[in-house]
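K.L.:
Here is my input; please provide its structure:
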Amino acid sequence: MSRPKTLRKVVAPPNFKGYRPYGTNVEPTDSIELLYEEYEAIKLADYDLMNHLEASKLMGISRPTFARIYETARRKIAKAFVETIEIKTVYGDALLEKHWYVCEECQTRFTIPKTIEEHECPLCKSERIELLNT
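P.N.:
Numbering: from 1, shown residues only. Predicted coordinates for the structure are as follows:
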């Protein structure tokens with residue numbers, strides 16, 4: 001019996017639901033799920049240029065665990081590029097630092113301070129919002 005996974009801290013969810021290849025004659029029939037923690041690992045290592053130890057501390061996991069998450073994310077992205085497969089972001093084993101919401105109308109992702117009672121999209125004012133932290 002394996003031990004339960006430690007939740008990985010993610011500062012903010014990705015600002016997209018996915019990526020789809022275009023300019024190809026082949027319609028993508030499959031998709032790859034990129035977990036929020038995999039997105040965070042790519043962002044920290046390749047965009048923020050953190051080393052694995054710094055990034056692992058920020059995510060609240062060990063350095064070897066970070067390295068495994070990062071490698072899995074890189075392989076998924078490479079496979080999607082080479083095989084022209086759509087990438088979709090999914091929640092995974094993430095622990096978001098704040099309460100994050102997504103608007104079901106315009107797909108905007110945003111956070112609301114706990115003191116605000118009114119829950120509506122700051123962009124389109126729709127009340128059809130969903131909590132991402134579940």
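K.L.:
if you skip the residues just before and after it, what's nearest to residue 37?
P.N.:
Nearest residue to residue 37 in three dimensions, chain neighbours excluded: residue 8, at 3.9 Å (CB to CB, 6 or more residues apart in numbering). For the C-beta atoms, the positions are set from N, CA and C on the backbone; glycine is no exception.
K.L.:
That neighbour - how many residues pack around it?
P.N.:
Neighbours of residue 8 under the rule other CB atoms under 10 Å: 23.
K.L.:
Please tell me how far it sits from residue 72.
P.N.:
Separation of residue 8 from residue 72 (CB to CB, to the nearest Å) stands at 12 Å.
K.L.:
Please apply the same query to residue 49.
P.N.:
Distance from residue 49 to residue 72, by CB to CB: 20 Å.
K.L.:
higher neighbour count, these two?
P.N.:
residue 72 (15 against 9).
K.L.:
And whatever helix or strand the more buried one lives in, what does it pack against?
P.N.:
Assigned by DSSP states H and E, residue 72 belongs to helix 63-82. Judged by 3 or more CB pairs under 8 Å, 6 or more residues apart in numbering; DSSP states H and E, helix 63-82 is in contact with strand 31-35, helix 36-42, helix 52-59, strand 86-90.
K.L.:
could the ones you listed go into CSV alongside distance to residue 121 and mean neighbour count?
P.N.:
Compiled in CSV, those are given as follows (distance: least, CB to CB, whole Å; neighbours: other CB atoms under 10 Å):
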stretch, distance to residue 121, mean neighbour count
strand 31-35, 24, 18
helix 36-42, 21, 25
helix 52-59, 28, 18
strand 86-90, 19, 17
